[in-house]
Each structure stands twice: as structure tokens, then as C-alpha cells.
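Chemist: Sequence and computational prediction follow.
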Amino acid sequence: MGWTVCPEEPAVLLHYSEDAKIQEFRPHVPRSNPGVAPAVWAIDPARAPLYWFPRDCPRVAVWANDAAGAGRLRELFATDATRVQAIPGAWRDAFDDCRLYEYRFAPGPFTPWPDAEGQWVAHEPVGAESVESVGPLVQKHAAAGVDLRFVDDLGPVRARALDSGLPFSIVRYANPGTFPGTGRV
């Protein structure tokens, strides 16, 4: 899904990784999207919760950008939050054990990627200004007011997000039943 709001350059852009020692980010083609040009990928702070997960964790997120969207989210997902994120319950231990790091970039070399709200790309190597541990992911979600759900089946959440008319993100859904770290269903 592309941008549903006009992109505004943030003061900082972010990248999340389980590797705390990346010195330089070099443009690459993501394995999940082999048709795009090589780039360094970053996310704006408003959509950063999309990446507060182990890298390969299947997930569905849906959010509201305004009061009307918040009403729709409340109606469809029975929540007062402005963001709902769901992962398979089988990923709970991997989620709880994940040590995630936040890399911070100056926005200068980045431009909005038109295909996904909140994502920015640079087509040159980029060094981070800083890197810090994110800390326990459940607490990170709670502090940000995210309605985080561990579900038996992502299918119904995915279907509701797709039909909602709200901005959404579906990541690593190709194998929602895969056991963490094994590639096995």
C-alpha cells in the first residue's frame, strides 16, 4: 500500500536490526521485493512500530492517521488504540527473546519510497548517527500505545486489514505458520 498521507521529511529516520554492529548501510535489493532498485531502507518515527519484531516474524499492522480512521479502527478491531499489530502466537517466545537495535539516520540522503507509507530510501551508502537497544518489545509497544495481539491465525486479521480502507502493512505473511528460526511449517 502506498502513502495515504503526504510525506513530510522527519527530523530523523530509523532502521531496526538484531545486529548492533552495522557500520555502514549499503544499498541492496530486499529478498522480499526483488524487482526494486537497490536502496538503503529506513522508516519514519510515526511508523517505526512496524519494525519492532524479530526480522522474519510474520505480522499484520493496521493504523489510523486521523479521527475518522481511529473510529473505523475502533469499529473493526474493538480498540481505542490508533494502531493494531498482530503476530502468530507461535512467535511469542522469539518476540520476547528478541534483542533489537534502533539505528538513527539524518534524513538528508533519503527520499520517500512511494510504494509504502513511512518508508524512505537512499541510493548511496549511509552511516548511522547512533545505535541503541530498543529494550523489551512488549514494553516498547505498550509505551507507544500499540494494541499488540498474539493470535492463532493471522488470516482473519489480514482480511480485516485489507478490507478496512485503513493504511496497513503485511510483512512475511507468506509463511504465517512457520516456526521461528526453522523455516518449517
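Modeler: Yep, that arrived. Residues are numbered from 1 along each chain as shown.
Chemist: for residue 151, what are its contacts?
Modeler: Counting by Cβ atoms under 8 Å, 6 or more residues apart in numbering, residue 151 touches 86, 87, 88, 89, 157. In this view, the C-beta of every residue, glycine as well, is placed from N, C-alpha and C.
Chemist: Before we move on, what's the pLDDT of the residue nearest the centre of the chain?
Modeler: Centre of the chain computed as the mean C-alpha position; nearest residue by Cα atoms, centre = their mean is residue 50, 1.9 Å away. Listed pLDDT for residue 50 reads 92.
Chemist: residues in contact with it?
Modeler: Contacts of residue 50 by Cβ under 8 Å, 6+ apart are 43, 59, 61, 85, 118, 169, 171.
Chemist: Ok, residue 16 next?
Modeler: Contacts of residue 16 by Cβ under 8 Å, 6+ apart are 43, 48, 51, 52, 100, 101, 102, 103, 134.
Chemist: again, but for residue 132
Modeler: Residues in contact with residue 132, defined by Cβ under 8 Å, 6+ apart, are 101, 102, 104.
Chemist: mind running it again at 6 Å?
Modeler: residue 102 (Cβ atoms under 6 Å, 6 or more residues apart in numbering).
Chemist: name the element it belongs to?
Modeler: strand 130-133 (DSSP states H and E).
Chemist: go on, residue 170?
Modeler: Per DSSP H and E: strand 168-171 holds residue 170.
Chemist: Pull up the pairing partners for that strand, direction included.
Modeler: In the sheet, strand 168-171 lines up against strand 59-63 (antiparallel) (DSSP bridges).
Chemist: can you pull the buried residues of the partner strand?
Modeler: Neighbour-count burial for strand 59-63 flags 59, 60, 61, 62, 63 (criterion: 16 or more other Cβ atoms under 10 Å).
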